[in-house]
Structures are given as C-alpha cells and as structure tokens.
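Participant: Give me a 3D structure for the following:
(chains A and B)
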Amino acid sequence: MSLTAATINRLSVNEKMMKALKSVFNKITNALLLPVVGIAIFLALWSITAQSIHTSLGEFPGPNAVVKQFYSLYDEHTAEREKATAFYERQEVRNAKKLEKNPDYVVKTRAYTGKETFVDQILTSLVTVTCGFLLAAIIAIPLGIWMGLSVKLNSALNPIVQIFKPVSPLAWLPLVTMLVSAVYVSDDPMVSKSFLTSLITVSLCSLWPMVINTSIGVSSIDSDLLNVSKVLRLPTFTNIKKIVLPASIPMIFTGMRLSFGVAWMVLIAAEMLAQNPGLGKFVWDEFQNGSSESLARIMAAVVVIGFIGFLLDRIMLLLQRKVSWDKSSASV
Amino acid sequence: MTTQNSEVNTEITTENVFLNISRIDMEFPTPNGSFTALKEVDLQINKGEFISLIGHSGCGKSTVLNIVAGIYQATKGGVLLKNKEVNEPGPERAVVFQNHSLLPWLTSYQNVELAVDQVFSKKMSKTEKKDWIEHNLKLVHMDHAMHKRPDEISGGMKQRVGIARALAMQPEVLLMDEPFGALDALTRAHMQDSLMDIQKELNNTVIMITHDVDEAVLLSDRIIMMTNGPEATIGEILEVNLPHPRDRLALAKDPEYNRLRSEVLTFLYEKQRKVEDIKDKKPAVKAEAMTIVEDDIKEA
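Facilitator: Okay, here's the model as predicted:
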C-alpha cells in the first residue's frame, strides 16, 4: 500500500519535473531558437537567390559578399583615421618648427579633409535624424497639447494636419532645398546647407504623427482628472504641467516612436537627394560608382540602416519606460 | 414632521442661509432639442449639516452636485454659498469623486500635496504644509501608505486618499458623489464609520449622493429624495433626528431608524418606482406604478 503510494508520489514528482523542464525548453525555443532558425532560413534563401541573379555590376551580393564588405568598410575606416592622425602629427611638427624659427608666428591649424568613411556617415546620419526629430518634437508636442485642449483649434488645424501627413519627403525636398538656399545665406555658415535641407525635410515628415497622437492623448484625458484640476483652480500652466502632460505621456511617446521611425526612413531618402553626408549619400555614391563591389556595399548599408532603426525604436521604448507612469503602455 | 414642503422652507430661510440652492433648472442640449434634467430644485442647507441625495440612477443627483461644485452651470436659478453666487469650481467646494480620481502617477502624499500646494500656497510654510498633508492622511488612516501610488493600494484606500485630498482643502462644503458606491459592503461599512468619526471631529457641511438607503439614514441629518427624471426635482425631504454618535449595530433594532429606512424605501420603490425597470421585468405592475406616479404629480 505504502509502496504504491510512494511510487505514485515519485511519478508525480517526475511529472512535475518534466513539466518544469518543458516550460523552460519552450521559453528557450521561443526566445532564441526560433529567431535563429528564421534568420538561418532567410540567409540560405538569400544566398541561393542571389547566386542566380546576374546584374550589369556582377552577381547580386549574397550574405558572404556583404560580410566581406563590412570588413573592408571597417578597414577603410581605420586606414582613413590613421591618415588623419598622421596628417595632424605632421602639421604639429611643422608648426613647432615654424615657431622655433619665428616666435611671433601665429599657429594655423587646418582640419583634415579626407573622404568620409562609412562610420562617419553613420554618425552624420544619426546627428541629422536626432536634430530633425528634436526640432519636430519641439513644435509638435506643444502644438498637439494646445490642439488637444482647444476643440476650436483642433477643428481649425485638423484638415491641415491630415493633408500634410501623407506627403512624401521626396515632394518636400525640392521646395526645402530652394527655401534653404534662399533664406540661409551666410558667409560663415555654422552648418552646411545640405544638412539643413535634410534636417528640415525630416522634421516636416515626422511632425504629424506626434501632433496627432499628442492631441488625441490630451483630448482623451479622463474628465474626472480635469475636474480635479478645475476644483483646485490650477492655473493653465500648472494644469498642463501637473495634469495634462503626465496624463498624456503614454500617447505622446507612442507618437514620438512612430515619428522617430518615420524620421529615420525619410532621412535616408533626403540624404540621397540632398547630398548631405550620411548613409543615404553613401548608398547613392555607391550606386553612381558602379564597381563590382557596390551592390554588396549598398546591401551592407541596408543592414546597418535596418539595425539602427531597430535600435532607435528600442531606445525610445526604454526612455518611455523610464518616464511614463503607465508601464503597460510601454510594451513592445 | 418628516415631509416638508420645500416652497415653505424657502420663504423662511432664504436670508443668511449657508448654502442656498435656489430654484435651479438644468437643460442639456441634445440632437432632438433640449432635455430638461432638473426642474425647480430648491434646497437650503445649514452650516455643519450632513445632507444625502438619494434617488434612482439618472434622476439628476450628480447634476445637482456638479452645479453646486460649479462644474455645470444651471440654466435657471443659481447656487449661493454664504450669499455669494457660485459660478465656477473652487476648492471651497471640494469634491470627492465616485471613482476616486487620484492622479495615477502621484503617490497618495503627492496627490494631497497638489491640493495643499494650490490652496495654501502662500498661507503655509513648507513644514506646515507637510504636517497638514500628513495630518489629513492620518485622519483617513492612510498614513501607513502615504508613499504608495494609487495602483498599489485597494479601492477603499484610494477613496480614503480622495477624501483626505478633499478635506485638506478645508472646504466650506464637502461634495461627495457616491463616494463608496464602487466598494464592497464590508469596506463600505468601514468607510462609513470612518466618515462618521471624521465628521464628529470636523463637523463639515456635506452633500453626499448615495444609492444606499442604510448609508443615507446612518450618516445624514436630512435625506433629500429626488423624483425620477426628466424634469427631476426634490420629492420629499426626510429629517433624521437620530442622536450622534450613531452605531450601526444598535440602530439595526432601533424603531425610529427602521421607520426612517422604510420611509426612504417606500419613496424609492413605491412612489418613484422606475418605469423602465417594470417594463423589462413585470408588465403587470406597470399600470399600478404608473397611477402612483400620476397621483404624485397631481399632489404636486
């Protein structure tokens, strides 16, 4: 009797262990194994298809060719950096010598004007997209809050927002280019015109999702919370700071994430056409260059663009988790 | 003794009454013309009085409260607090909302602090404010969870913080919109006892909306029973002269308590029986109920 009970007990313990193992196994499968399998299948299909496509620039690049280009792009970058350091060292030595000869000599330092490497271009793109996005946010969030608070303003501006929202950056670009050339005239420009053109184009396109989401977030605040504010007679600014802004932070962040995604997409197109140094220009230059390696280098850029876009979204998500009180709104 | 004609009441006490709800009508615009929610609601409230508004849902109790709070503006008539017209919300008429309305991103302490900072911005020093916030949270027995956010505390606790926030404004009138409506029966009883303790200490002027007959009798000095809308108005007013402090267990056997209770029940379930409810459930009683309502109208 007791023996059978013990057996049953042992069996059930075994069963429990099996279940626990299974659930751990399932977790590992879902989080690691399946994505790896997915990527492996994609790479296999890519490399098979690539082999059978022949372009005027040679075979379409497969994964191998792209990886090779990553290495060569990195080598080019380090080589360029070495050249730059060498240049500055030479310049320093030269200046020191001149100073020795003539103590009154005013030291001139010239910047190295070598070509921009892939890494430089990634950095430029990141700077441009961040500036463009911030400019858009500075305009969009206050505007959205105002529109959310005032039904009249919302009715007045909503058609404009709806019409401008679907406009492609390519349509804005010629206008912005001409506008920047006409307005931004300075002998000693702080930033280049092409940078400004891409920045404004990015802002123009990433403005709208933020305006819409912010205004919806503000206008859908629980009326009880607004009544609390009314009972307390909070002044407008305090009301916005203490009630409206925190209450609509989840929606504002949703808008910001959408906008950052749009901004990054638009940036590549804008850089291609505005010839602003950056990933877009890199792609365009490689395309114009037309060497046998060009397609692989472009594909490398595509991978980097995708990866950075993904990272930017994750950074925004982390920021949202940090700032927002409503943690459930900051899920993936 | 139990039923007063509100008209007569007006003539006697309109002067110098503490809170005067003077013949208010409320119309809401709808796509099919205006809807008259309230008609000729007239009520005078003395300082330190605890008033309950009771009636079926949709009868405009909340509308009355919102007009006193200043959130709605009456179409006709008006509200006078200490002979000053009420035309906007203000902290001297603090509201305890039905679903607590705490700001979810602030702790209990910060929620009360927001009110105290606004109301006593210049009158209190920093330490005085801190003491005052803590004092009010202690009053509702929430000092142990001062630094928790609303999503970390229970429904009853949230409502306590809501009450603390309202009390911290030191209001002339405390307006409560079904403050315990969303709570379970045990928590509600507990909250009622707390409210009685607080009331004993502060003797506030309170208007409370409730659906709960026992709650109304237990807490109030007067129970205002409202007729069904549209054109809802005050049906009857019941004076509750039970001595304080009141104890729910002792009262359960008290004949006066039970008489008051059945008065309210009679008003709600015989005189003002909801017509829609009957339509759904018992078509046979409908005719009878309708005649009662009609009789009421004739009497009025």
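Participant: what about the strands in the chain?
Facilitator: Just going to use chain A. A:54-55, A:58-59 (DSSP state E).
Participant: wrong one, I was asking about chain B
Facilitator: So, for chain B - with DSSP E - the strands run B:19-30, B:33-45, B:50-54, B:76-81, B:84-85, B:93-96, B:173-177, B:205-210, B:222-226, B:234-239.
Participant: if we can go back for a sec, now tabulate the strands of chain A in JSON lines and tack on distance to chain B and mean pLDDT.
Facilitator: Quick note: C-beta positions are derived from backbone N, CA and C, even for glycine. JSON lines is the format used below for those (distance: least, CB to the nearest CB, whole Å; pLDDT from 0 to 100):
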{"stretch": "strand A:54-55", "distance to chain B": "56", "mean pLDDT": "82"}
{"stretch": "strand A:58-59", "distance to chain B": "57", "mean pLDDT": "78"}
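Participant: Return the most buried member of these.
Facilitator: strand A:58-59 (a mean of 14; mean count of other CB atoms under 10 Å in any protein chain shown).
Participant: Each with direction, which strands does that one pair with?
Facilitator: Strand A:58-59 has these partner strands in its sheet, going by DSSP bridges: strand A:54-55 (antiparallel).
Participant: how far out from the middle of the chain is the partner strand?
Facilitator: When C-alpha coordinates are averaged (CA atoms, centre = their mean, to the nearest Å), strand A:54-55 and its chain have centres 32 Å apart.
Participant: the domain parsing of chain B - what is it?
Facilitator: Domains of chain B are assigned by the TED database as B:15-92+B:175-278, B:94-170.
Participant: Including distance to A:V151 and mean neighbour count, could these go into JSON lines?
Facilitator: Below are those laid out as JSON lines (distance: least, CB to CB, whole Å; neighbours: other CB atoms under 10 Å in any protein chain shown):
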{"stretch": "domain B:15-92+B:175-278", "distance to A:V151": "15", "mean neighbour count": "18"}
{"stretch": "domain B:94-170", "distance to A:V151": "22", "mean neighbour count": "19"}
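Participant: do you know how far whatever residue of chain A ends up closest to chain B is from B:P150?
Facilitator: Nearest residue of chain A to chain B, counting by CB to the nearest CB: A:W325, 3.4 Å away. To B:P150, A:W325 is 10 Å away according to CB to CB, to the nearest Å.
Participant: quick one on the thing from earlier: what sits against the residue of chain A closest to chain B?
Facilitator: Residues near A:W325 by CB atoms under 8 Å, 6 or more residues apart in numbering or on different chains: A:P246, A:I249, B:P104, B:W105, B:R149.
Participant: Take the residues you listed and keep only those in helices.
Facilitator: A:P246, A:I249 (DSSP state H).
Participant: Of the contacts of A:W325, which is the nearest to A:N289?
Facilitator: Ranked by distance to A:N289 (CB to CB), the contacts of A:W325 are led by A:I249 at 46.3 Å.
Participant: so what's that closest one closest to, chain neighbours aside?
Facilitator: A:S324 (5.0 Å; CB to CB, 6 or more residues apart in numbering or on different chains).
Participant: okay, and for the chain, where does confidence drop off?
Facilitator: In the absence of a named chain, chain A is used. Low-confidence segments of chain A, defined by pLDDT under 70, are located at A:1-8, A:11, A:327-332.
Participant: that's the wrong chain, I wanted chain B
Facilitator: Within chain B, the stretches with pLDDT under 70 are B:1-15, B:274-300.
Participant: would you list the contacts of A:W325 in TSV and tack on distance to B:I54?
Facilitator: Converted to TSV, the contacts of A:W325 look like this (distance: CB to CB, whole Å):
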residue	distance to B:I54
A:P246	36
A:I249	40
B:P104	31
B:W105	35
B:R149	34
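Participant: Of all pairs in the contacts of A:W325, which one spans the longest distance?
Facilitator: A:I249 and B:R149 (14.6 Å).
Participant: ok, back up a step: can you redo the domains of chain B as CSV with distance to chain A?
Facilitator: Listed next are those as CSV, based on distance: least, CB to the nearest CB, whole Å:
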stretch, distance to chain A
domain B:15-92+B:175-278, 4
domain B:94-170, 3
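Participant: Quick one: closest of the ones you listed to A:L179.
Facilitator: domain B:94-170 (41.3 Å).
Participant: start to end distance for the closest one?
Facilitator: End-to-end distance for domain B:94-170, by CA to CA, to the nearest Å: 8 Å.
Participant: Please, where are all the helices along the stretch 201-332 of chain A?
Facilitator: In the stretch 201-332 of chain A, the helices defined using DSSP state H, counting those that start in this stretch lie at A:223-231, A:236-239, A:245-274, A:279-289, A:294-323.
Participant: typo on my end, the stretch 201-300 of chain B
Facilitator: B:213-219, B:248-252, B:255-266, B:275-281, B:283-299.
Participant: and the third one, what does it pack onto?
Facilitator: In terms of contacts (3 or more CB pairs under 8 Å, 6 or more residues apart in numbering or on different chains; DSSP states H and E), helix B:255-266 is packed against helix B:213-219, strand B:222-226, strand B:234-239.
Participant: got the angle for that helix vs strand B:234-239?
Facilitator: Counting by axes from the mean of the first three to the mean of the last three CA atoms, to 10 degrees, helix B:255-266 lies at 170 degrees to strand B:234-239.
Participant: measure B:T187 to B:K271 for me?
Facilitator: 31 Å.
Participant: One more: A:K97?
Facilitator: For A:K97 relative to B:K271 (CB to CB), the value is 110 Å.
Participant: do the same with B:A94
Facilitator: Taking CB to CB, one finds B:A94 at 33 Å from B:K271.
Participant: For B:S34, which non-adjacent residue is closest in space?
Facilitator: B:E27 (4.4 Å).
Participant: what's the spacing between the lengthiest helix in chain A and its chain's center?
Facilitator: Ranked by residue count and defined by DSSP H, the top helix of chain A is helix A:63-101. Computed by CA atoms, centre = their mean, the chain-centroid distance of helix A:63-101 equals 28 Å.
Participant: what's it packed up against?
Facilitator: Using 3+ CB pairs under 8 Å, 6+ apart, helix A:63-101 sits against helix A:34-51, helix A:118-149, helix A:294-323.
Participant: what's the neighbour count on the nearest residue to A:A50 once chain neighbours are set aside?
Facilitator: Closest residue to A:A50 apart from its sequence neighbours, by CB to CB, 6+ apart: A:G62 at 3.8 Å. Neighbourhood size, A:G62 [other CB atoms under 10 Å in any protein chain shown]: 18.
Participant: Surely A:G62 touches A:I53?
Facilitator: No. Using CB atoms under 8 Å as the test, A:G62 is too far from A:I53 to be in contact (9.7 Å).
Participant: where does A:S150 fall, phi/psi-wise?
Facilitator: Dihedral angles of A:S150 (phi, psi; degrees, to the nearest 10) stand at phi -110, psi 110.
Participant: Report the contact partners of it.
Facilitator: Applying CB under 8 Å, 6+ apart, no residues qualify as near A:S150.
Participant: How much space separates it from A:N227?
Facilitator: Where A:N227 is concerned, A:S150 sits at a distance of 18 Å (CB to CB).
Participant: In space, not sequence, find me the middle residue of chain B.
Facilitator: B:M208 (1.5 Å; CA atoms, centre = their mean).
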